[in-house]
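Q: Predicted model, plus sequence, below.
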Amino acid sequence: PPLSFEQDGLVTGLAVDLLRRMAELAGLELSLALQPRLRAEKSFLETPGSLLLPLARLPERENRFRWVGPILPRRVGIYSLSQRTDIRFRGLQQLDGLRVGATAGTATMEQLLAEGLKPGKELEVAPSYETSVRKLMAGRMDLLVIGDLNIYWQLHQMKEPPDRIREVAVLDASADYCFGLRVDGDAAPAEALQRALDQLRRNGAVERRRQAYGLPASAA
């Protein structure tokens, strides 16, 4: 969440909403299934005319997909509570007693471990994004490293205003979330979907969906 998830037995989410509208505008039929990442990638490779979402458009993936996007920028930030004006973040190697949180099993957690942070010491590990955000809100960690989509979605679900938190630093903002189609297929569907997405961006539909899922207004 919030790009894709299942709710009441239906596949939904910000990216899913946009894709449904894009397919309608492009005159394409659409069948959606929510699967674990590894199974989804296997199905993608085995099924002509398939599409994966959402995907971070990373350099190592560039030639593996025919890209449609961007949907939204991928931004991983370091957050504190807005009221914690005492926090002066100087870097992960200069925490000065601050406890940093992250979610187990994520690329962000792997990056923090690679930086030398130790679970149970300066690193607070949570089993889910929801637990991570709740720990931050309860003061059980000083800082939380998390994607902006994840933290704002969790605040939205908790009915907390987005200004309860502030971003003290950016860990990574080098990629965008996109749709990925097979490179060995016809280019026409990807081109039609790209035109539809561009149209939705121009008429404000992308921004409206963004805010409907609790994300703050884009800077643009």
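A: That came through, no problem.

Q: what's L51 sitting at in phi/psi?
A: phi -150, psi 140 (degrees, to the nearest 10).

Q: got the buried residues for the longest helix along the chain?
A: As assigned by DSSP state H, the longest helix anywhere in the chain is helix 187-202. Under the neighbour-count criterion of 16 or more other Cβ atoms under 10 Å, helix 187-202 has P189, A190, A192, L193, Q194, A196, L197, L200 buried. C-beta here means a position set from N, CA and C on the backbone, and glycine is covered the same way.

Q: In contact with the third one, which residues are there?
A: It refers to A192. For A192, the contact set (Cβ atoms under 8 Å, 6 or more residues apart in numbering) comprises A26, G27, L28.

Q: Quickly find the element holding the most centrally placed residue in the chain.
A: Nearest residue to the geometric centre of the chain (Cα atoms, centre = their mean): L149, 4.8 Å. In the assignment (DSSP states H and E), L149 maps to helix 148-157.

Q: And the strands in the protein?
A: 5-7, 10-12, 51-56, 66-81, 100-103, 123-126, 143-147, 165-181 (DSSP state E).

Q: Could you export the ones you listed to a markdown table, including columns for mean pLDDT, mean neighbour count and distance to F44?
A: Putting the strands of the chain into a markdown table (pLDDT from 0 to 100; neighbours: other Cβ atoms under 10 Å; distance: least, Cβ to Cβ, whole Å) gives the following:
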| stretch | mean pLDDT | mean neighbour count | distance to F44 |
| --- | --- | --- | --- |
| strand 5-7 | 94 | 12 | 18 |
| strand 10-12 | 96 | 14 | 15 |
| strand 51-56 | 94 | 21 | 5 |
| strand 66-81 | 97 | 20 | 12 |
| strand 100-103 | 97 | 23 | 25 |
| strand 123-126 | 96 | 20 | 30 |
| strand 143-147 | 98 | 25 | 22 |
| strand 165-181 | 96 | 18 | 8 |
